[in-house]
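Asks: Attaching a predicted model along with its sequence, questions to come.
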Amino acid sequence: MFRLHKTLAAGLSFPFDFGFIPGTKGEDGDPIDAMVISEFNSFPGCVMDCRIIGCLKAEQSKNDKTIRNDRYLAVPEQTIVFENTLSIEDLTPTLLLEIETFLSTYMQLEGKEFMLLGKLNAEEAGYMLQDKMIASNKKLINS
């Protein structure tokens, strides 16, 4: 079973599958977000082996509280269309703009502000994710 956490505003749909990286925890208390860029749609509960191709470093604010809430971008290991996509630089500028616009609109309709701080390539995102996973595990152990 899956519990419905929230729904999107009318007229919006995720451009790609949106999930999380197991064993992690972001500043918002949720697992770290990942958008899986693929030629197919998966299903709730689907676990995919993916490779991180980059990260949209971001902050979100609501009610004068600002937190980091980065969005990692990944492609599935089982892909034909994106098999040569190894880093965020391999995505078209138009596709990146569409993803950024979706995230900004999605957050705005939830009463939050989405602020893009920068983009990381695959290597930079991998290092940052590794640091966050280590920090997440330390928090889980100390809890």
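Replies: Yes, it's here.
Asks: for the protein, what helix or strand is lowest in average pLDDT?
Replies: helix 122-142 (a mean of 78; mean pLDDT, DSSP states H and E).
Asks: Residues in contact with the helix or strand hosting G19: which ones?
Replies: Taking DSSP states H and E as the definition, G19 sits inside strand 17-21. Applying C-beta atoms under 8 Å, 6 or more residues apart in numbering, the contact partners of strand 17-21 are 30-36, 38, 41-42, 46, 72, 129, 133. From N, CA and C alone the C-beta is placed, and that goes for glycine too.
Asks: Pull out the buried positions in that strand.
Replies: Across strand 17-21, burial judged by 16 or more other C-beta atoms under 10 Å covers D17, G19, I21.
Asks: Quick check: next helix or strand after it?
Replies: Sequence-wise, the next helix or strand downstream of strand 17-21 (DSSP H and E) is strand 32-36.
Asks: dump the residue contacts of the residue nearest to I80 when sequence neighbours are not counted.
Replies: Of all residues beyond its chain neighbours, the one nearest I80 is E39 (6.9 Å), with distances taken as C-beta to C-beta, 6 or more residues apart in numbering. Neighbouring residues of E39 by C-beta under 8 Å, 6+ apart: T79, I80, V81, F82.
Asks: and the second one, how far is that from S87?
Replies: So that's I80. With the distance defined as C-beta to C-beta, to the nearest Å, I80 ends up 18 Å from S87.
Asks: returning to that earlier point: neighbouring strands for the strand holding G19, and are they parallel or not?
Replies: Sheet pairing for strand 17-21, assigned by DSSP bridges, gives strand 32-36 (antiparallel).
Asks: Need the CA coordinates for whichever helix or strand comes after the partner strand. CSV is fine.
Replies: Next helix or strand after strand 32-36 toward the C-terminus (DSSP H and E): strand 50-62. Presented in CSV, the C-alpha positions along strand 50-62 are these (Å, rounded to 0.1, in the frame of the first residue of the first chain):
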residue,chain,number,x,y,z
CYS,A,50,19.9,5.0,-11.9
ARG,A,51,23.0,7.1,-12.4
ILE,A,52,23.1,10.7,-11.1
ILE,A,53,23.8,13.1,-14.0
GLY,A,54,23.6,16.3,-12.1
CYS,A,55,21.9,18.4,-9.5
LEU,A,56,19.8,21.6,-9.4
LYS,A,57,21.0,23.2,-6.2
ALA,A,58,18.0,25.0,-4.7
GLU,A,59,16.4,26.6,-1.8
GLN,A,60,12.8,26.8,-1.0
SER,A,61,11.1,29.2,1.3
LYS,A,62,7.7,29.3,3.1
